[in-house]
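In: Any chance you can model this:
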Amino acid sequence: MCAALREAMGEHWSPDYRNELAKHYGNRAVLLAEQGHPQEALGDYARAIELDEVLREAMGEHWPPDYRNGLARHYGNRAKIGRAHV
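Out: Alright, predicted model coming up:
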């Protein structure tokens, strides 16, 4: 569904939309992890990180601190799951 939405929006798929989607993947990952679904959570963190890394690359030095913090949070939360299930 998200891919279809991105395709339909084309150039109107703004950095803010991308960042919000990454946040939602991260939030769902937190819930999945809390519900005992670590593999699914890791998948959502991977999607969130991928979206944030694309933004980081595209925006360069204009990448806002809020976006940077989100990426750091996704990496940190993913690491916690990895340590808990090794």
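
In: Now do the phi/psi pair for the most centrally placed residue in the chain.
Out: Centre of the chain computed as the mean C-alpha position; nearest residue by C-alpha atoms, centre = their mean is A48, 1.5 Å away. With angles defined as degrees, to the nearest 10, A48 sits at phi -60, psi -40.

In: Identify the residue spatially nearest to it, adjacent ones excluded.
Out: Taking C-beta to C-beta, 6 or more residues apart in numbering, and ignoring the residues beside it in sequence, A48 has Y25 as its nearest neighbour in space, at 3.8 Å. Yep, even glycine has a C-beta here, placed from its N, CA and C like the rest.

In: I'd like to know how far the residue nearest to the centre of the chain sits from A84.
Out: Plainly put, A48 is 18 Å away from A84 if you go by C-beta to C-beta, to the nearest Å.

In: before we move on, the earlier item: burial of the residue nearest to A48, as a residue count?
Out: 22 (other C-beta atoms under 10 Å).

In: Return the list of helices and strands in contact with the strand or helix carrying it.
Out: Y25 is located in helix 15-34, with elements delineated by DSSP states H and E. Using 3 or more C-beta pairs under 8 Å, 6 or more residues apart in numbering; DSSP states H and E as the contact test, the elements touching helix 15-34 are helix 38-59, helix 65-84.

In: For the longest one, buried residues please.
Out: For helix 38-59, the buried set under the neighbour-count rule, 16 or more other C-beta atoms under 10 Å, comprises P38, A41, L42, D44, Y45, R47, A48, I49, L51, D52, L55.

In: my guess is the last one contacts N19, does it?
Out: Yes - with contacts counted by C-beta atoms under 8 Å, L55 reaches N19, the gap being 6.3 Å.

In: which residues do the two both contact?
Out: Residues touching both L55 and N19 (C-beta atoms under 8 Å, 6 or more residues apart in numbering) are Y67.

In: ok, back up a step: among the buried residues of helix 38-59, which pair sits farthest apart?
Out: P38 and L55 (25.7 Å; C-beta to C-beta).
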